[in-house]
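S.K.: Model the structure of this input:
(one chain, ligands or ions: 1)
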Amino acid sequence: FSLNQHYNPAFVSLQMMKHAWDNYKRYAWGLNELKPISKQGHSSNLFGNIQGATIVDALDTLYIMEMKEEFKEAKEWVEKNLDFNVNAEISVFEVNIRFVGGLLSAYYLSGEEVFRKKAVELGEKLLPAFNTPTGIPWALLNIKSGIGRNWPWASGGSSILAEFGTLHLEFVHLSHLSGNPVFAEKVMNIRKVLNRLDKPEGLYPNYLNPSSGQWGQHHVSIGGLGDSFYEYLLKAWLMSDKTDEEGKKMYYDAVQAIETHLIRKSSGGLTYIAEWKGGLLEHKMGHLTCFAGGMFALGADGAPNDKTGHHIELGAEIARTCHESYDRTSMKLGPEAFRFDGGVEAIATRQNEKYYILRPEVIETYMYMWRLTHDPKYRQWGWEAVEALEKHCRVDGGYSGIRDVYNNHESHDDVQQSFFLSETLKYLYLLFSEDDLLPFEHWVFNTEAHPLPVLRKDDGNKEENQK
Ligand code: DMJ
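M.R.: Residues are numbered from 1 along each chain as shown. Here you go, the predicted structure:
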């Protein structure tokens with residue numbers, strides 16, 4: 001492919017979705033994910049034995065791409081088979097962003113009652129996770145017994161910032177759609193606990209103990225373990241029709257601290273976001289961190305002290321750095337993490353950081369930067385990613401992640417992640433579509449790319465179906 005008159009890039013993204021979906025349907029229908037090489041189902045323990053992650057995650061992408069037949073069969077599967085009355089220990093965060101988020105978007109886009117009902121039913125199942133002394137939820141929950149616990153590896157029995165901090169958008173909508181304030185109360189209480197605590201240098205550590213209400217290790221990251229907490233502060237404000245002043249303040253204060261303590265420029269002129277460990281910087285940036293380019297640009301409009309231009313510029317610089325992390329590999333797909341030390345810039349140096357698992361964050365940032373600046377380079381970069389995905393990740397049985405993007409020969413990991421359909425392909429499609437498809441004035445995307453409508457301050461209902 002090349003980005004010229006021969007191909008319509010939005011149509012190509014749709015064809016990619018068709019290939020991913022058709023193969024999931026053929027080989028793994030009803031199971032969580034597809035193994036595209038072995039052509040069978042893949043189940044991740046993140047969802048316990050809740051089934052159908054790919055179906056629920058893909059619903060809104062199918063709808064937006066007008067894949068009507070596929071949407072209909074997915075809806076029928078949800079009606080008949082999606083069952084939360086199972087004895088399953090699940091990740092509260094993963095189930096919220098993929099299942100609750102996916103069902104909410106499917107409801108708002110299609111107006112089909114079944115999605116609203118299932119979202120609220122699942123939301124109710126998640127409520128026991130908040131039964132801790134502080135109300136900071138557990139990471140893991142058995143949705144039958146209601147017993148929660150934290151990841152055994154988390155510092156001092158802590159809950160994780162990016163997990164308990166990424167429930168807000170969905171839970172506000174659950175209250176809106178159910179008329180039950182309990183969901184919104186639970187997430188507002190998380191804010192209250194956070195605001196009572198002293199923050200080192202104004203930064204939020206990734207670990208917080210739900211019993212003592214004290215921070216665990218002082219590790220700060222805008223990538224894994226921290227990322228979507230910051231995203232949800234900004235988006236909570238945007239989704240509230242800019243009435244949630246608390247969310248707004250927390251977001252811009254956090255960005256200020258991040259700029260002072262974590263954002264650095266390499267000697268080659270690349271801006272990156274480092275990780276902070278008790279005051280020391282690790283000069284490493286994760287693929288996950290690349291979402292922040294889009295976040296800074298999305299938040300530019302409300303930035304205090306005339307900093308709008310500065311936040312757009314920051315977004316553009318992160319987008320450029322993340323593009324470099326792709327461009328400096330043989331496959332033109334980015335590694336899981338890249339470093340700015342030991343003489344390298346934007347390159348993975350450790351073998352266990354060289355993989356690419358079909359993640360969306362870099363393409364997500366291109367999409368935001370394109371919508372907010374209309375600089376054609378973002379579409380060009382998105383197209384480069386399409387070419388690389390087609391060349392290296394596409395296999396007969398779907399799309400697979402890659403073990404080493406610096407190698408010339410693909411070693412496939414044999415997993416088609418559900419977020420490839422919900423995020424990567426949706427963001428590509430939006431990047432190549434007109435701005436009036438899911439316009440930012442009306443929709444915010446949850447961290448799994450599920451669009452949720454802005455709740456208008458002057459009208460409780462009109463926000464529905466504003467596609
Ligand atoms: C997705 O589930 C979400 O984007 C989440 O915020 C981070 N990890 C994956 C994609 O990389």
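S.K.: What residues does the stretch 351-467 of the chain have near the ligand?
M.R.: Counting by C-beta under 6 Å from any ligand atom, the residues of the stretch 351-467 of the chain close to the ligand are 359-360, 419, 423, 447-448. Quick note: C-beta positions are derived from backbone N, CA and C, even for glycine.
S.K.: Actually, the chain.
M.R.: Where proximity means C-beta under 6 Å from any ligand atom, the interface of the chain facing the ligand comprises 97, 228, 288, 359-360, 419, 423, 447-448.
S.K.: By neighbour count, which of the residues you listed wins?
M.R.: Neighbour counts for the residues of the chain next to the ligand (other C-beta atoms under 10 Å) peak at residue 228, which has 27 neighbours.
S.K.: okay but that one is in contact with residue 164, surely?
M.R.: No - contact between residue 228 and residue 164 fails when scored by C-beta atoms under 8 Å: they sit 10.7 Å apart.
S.K.: Now do the helices in the stretch 351-467 of the chain.
M.R.: 361-373, 377-388, 418-419, 425-431 (DSSP state H, counting those that start in this stretch).
S.K.: And the ones you listed: which comes nearest residue 180?
M.R.: helix 418-419 (28.0 Å; C-beta to C-beta).
S.K.: Packing partners of the closest one?
M.R.: helix 53-64 (3 or more C-beta pairs under 8 Å, 6 or more residues apart in numbering; DSSP states H and E).
S.K.: Next, the angle helix 53-64 makes with the helix or strand just after the helix it packs on.
M.R.: Later in the chain than helix 53-64, the nearest helix or strand by DSSP states H and E is helix 68-81. Relative orientation of helix 68-81 and helix 53-64, computed by axes from the mean of the first three to the mean of the last three C-alpha atoms, to 10 degrees: 140 degrees.
S.K.: Each with direction, which strands does whichever helix or strand comes after helix 68-81 pair with?
M.R.: Counting by DSSP H and E, the next helix or strand C-terminal to helix 68-81 is strand 89-91. Paired strands of strand 89-91, with direction, are strand 140-142 (antiparallel) (DSSP bridges).
S.K.: pLDDT of the strand it pairs with, averaged?
M.R.: Mean pLDDT, strand 140-142: 98.
S.K.: Next SSE downstream of it?
M.R.: strand 148-149.
S.K.: Check what contacts that following strand and list those residues.
M.R.: With contacts defined as C-beta atoms under 8 Å, 6 or more residues apart in numbering, strand 148-149 is touched by 92, 128-129, 131-132, 137-142.
S.K.: quick one: the helices in the stretch 201-350 of the chain?
M.R.: Per DSSP H, counting those that start in this stretch, the stretch 201-350 of the chain carries helices over the ranges 227-239, 245-261, 291-298, 308-327.
S.K.: Could you list the low-pLDDT ranges of the stretch 151-300 of the chain?
M.R.: Nowhere does the stretch 151-300 of the chain drop to pLDDT under 70.
S.K.: one step back: want to try a markdown table for the residues of the chain next to the ligand, with distance to residue 387 as columns?
M.R.: What follows is the residues of the chain next to the ligand, written out as a markdown table (distance: C-beta to C-beta, whole Å):
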| residue | distance to residue 387 |
| --- | --- |
| 97 | 29 |
| 228 | 29 |
| 288 | 23 |
| 359 | 17 |
| 360 | 17 |
| 419 | 21 |
| 423 | 19 |
| 447 | 27 |
| 448 | 25 |
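S.K.: that older thread, show me which of the contacts of strand 148-149 is closest to the ligand.
M.R.: Distance to the ligand across these (C-beta to the nearest ligand atom) is lowest for residue 92, with 13.4 Å.
S.K.: Tell me who's in contact with that closest one.
M.R.: Residue 92 neighbours (C-beta under 8 Å, 6+ apart): 126, 129, 137-141, 148, 163-164, 167.
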